[in-house]
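Visitor: Test case, fold it:
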Amino acid sequence: MTAEAAADAFDKTTLLSQLLHQHPWYALALITLGFIGGTISGFIGSGGAFLMTPGMMNLGIPGIMAVGANITHKFGKAMMGQKKHGQLGHVDRRLGLFLLVTSLAGIRVAVMVNEFFYERLGDAGSNLYVSTFFVLTLSIIGYFIMRDAIRSLRGRGGPASRKLQHRFRKLNLPPTIYFKTANVRVSVIMLIIVGFCVGFMAGTIGVGGFIGVPAMIYLFGIPTVVATGTELFLAMFMGAFGALNYGAEGFVDIRITLLLFAGSMVGLFVGSIGTKMVREVYIRTVTGALILLCTVSRALAIPDYLRTLHYIHVGTQMIHRLEVTSAVVLFTSGIGSTVFILYFVLRAHLRQLHVFRRYRAAIEAPETVQGTSDSSPAELPDNSALPHSQ
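Guide: All right, here's what the predicted structure looks like:
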């Protein structure tokens, strides 16, 4: 590593120290962001990176470092999640390993592209690239999730998904491989394409599950639980590989990762409880709405990067308003979704507590009656003995 590269890496790793010195509450903000992302992740059954990456960028962390921290912290979460799914038999490790080969290539290409924009255009160029990719991809994903949720609410859900699955299953491009756990036969060409796309998306914005899980369900015909478990198995290795690649270039601050991880572990537990209390259609509705709101938030931040790169000319006051609006939209939607989930978790807890109290009262009631009936015969000999004493 040259002296210039070493100095650049040092500047990147001291970023959080500078932010903490200027804003003492910064660590709490990152822990809170991790809790929100973890809660949403546990609730919707997929990564909350679509909120955490832009959230870190709104807090002043460059896009490339936000992605590096997100994909690194994802490694720990995925490792814990896939272990649980593996115990239930919901992980097709053979399928995951086939997807892993090309997904690692996708991550490496994504890191190279992201680093290219960072070195050529600086923080603004990296932020612009990440934000633009984020808006283009997640707006499409959010639209389809929201459309399917609305159709389900109206009682017309499902046909589009089944049609898409049948079309791709008919292609059956040779050669194909059979996967026993998933009980499907998948084209090798489709495995290569899907794996690379998942890896590239994860390496670019820290979000890969939003492509991986739907692709396995709708394109491969894999059951939802197996798709989720296999994606977590895949994400564990992608997170480790992404962490090594971004870390080797000096774009991972382990303190940011640990602060996010501390909050997300608690959030995952809370969110997973909320999943059991809410109908699936409402989970999809919340997911779609939240993704679209995060997309709007990132879109509002793009003019600032364009202005910094001298591509457009916008007044400072207008840029400030857009930045504030971007942060408000993002954190309001994230906090609102978390409060929604916490409401159902708290309501479920209170119901369980009420049921427990009634069950306990029902058990104690017969004991009280039995105790009363047992004491009555004991009093009879005393009363009956009175006439004999006279």
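
Visitor: Would you map the helices across the stretch 1-150 of the chain?
Guide: 3-13, 15-22, 26-44, 49-58, 63-87, 93-153 (DSSP state H, counting those that start in this stretch).

Visitor: Next, the angle helix 26-44 makes with the last one.
Guide: This points to helix 93-153. On the basis of axes from the mean of the first three to the mean of the last three Cα atoms, to 10 degrees, helix 93-153 is oriented at 80 degrees to helix 26-44.

Visitor: Summarise which helices and strands helix 93-153 is packed against.
Guide: If contacts are counted by 3 or more Cβ pairs under 8 Å, 6 or more residues apart in numbering; DSSP states H and E, helix 93-153 sits against helix 49-58, helix 63-87, helix 159-171, strand 176-179, helix 188-205, helix 209-214, helix 224-248, helix 280-308. All C-beta atoms are positioned from the backbone trio N, CA, C, and that covers glycine.

Visitor: Return the residues in contact with the nearest residue to residue 181 once chain neighbours are set aside.
Guide: Spatial nearest neighbour of residue 181, excluding adjacent residues (Cβ to Cβ, 6 or more residues apart in numbering): residue 92 at 3.8 Å. By Cβ atoms under 8 Å, 6 or more residues apart in numbering, residue 92 lies in contact with 179-182, 222, 226, 229-230.

Visitor: Can you tell me which of those is nearest residue 283?
Guide: Nearest to residue 283, judged by Cβ to Cβ, of those is residue 229 at 17.7 Å.

Visitor: so residue 314, which of the three states?
Guide: Secondary structure, DSSP: H, G, I helix; E, B strand; the rest coil: residue 314 is coil.

Visitor: is it true that it touches residue 305?
Guide: No: using Cβ atoms under 8 Å, residue 314 makes no contact with residue 305, being 11.0 Å away.

Visitor: Comparing those two, which residue is more hemmed in?
Guide: residue 305 (22 against 12; other Cβ atoms under 10 Å).

Visitor: So what's the residue count around the nearest residue to that one once chain neighbours are set aside?
Guide: Leaving aside its chain neighbours, residue 305 sits nearest to residue 128 (3.9 Å; criterion: Cβ to Cβ, 6+ apart). Residue 128 has 21 neighbours, counted by other Cβ under 10 Å.

Visitor: I'd assumed residue 76 was in contact with residue 235.
Guide: No: applying Cβ under 8 Å, one finds residue 235 not in contact with residue 76, separated by 10.6 Å.

Visitor: Alright, that wraps it up for me.
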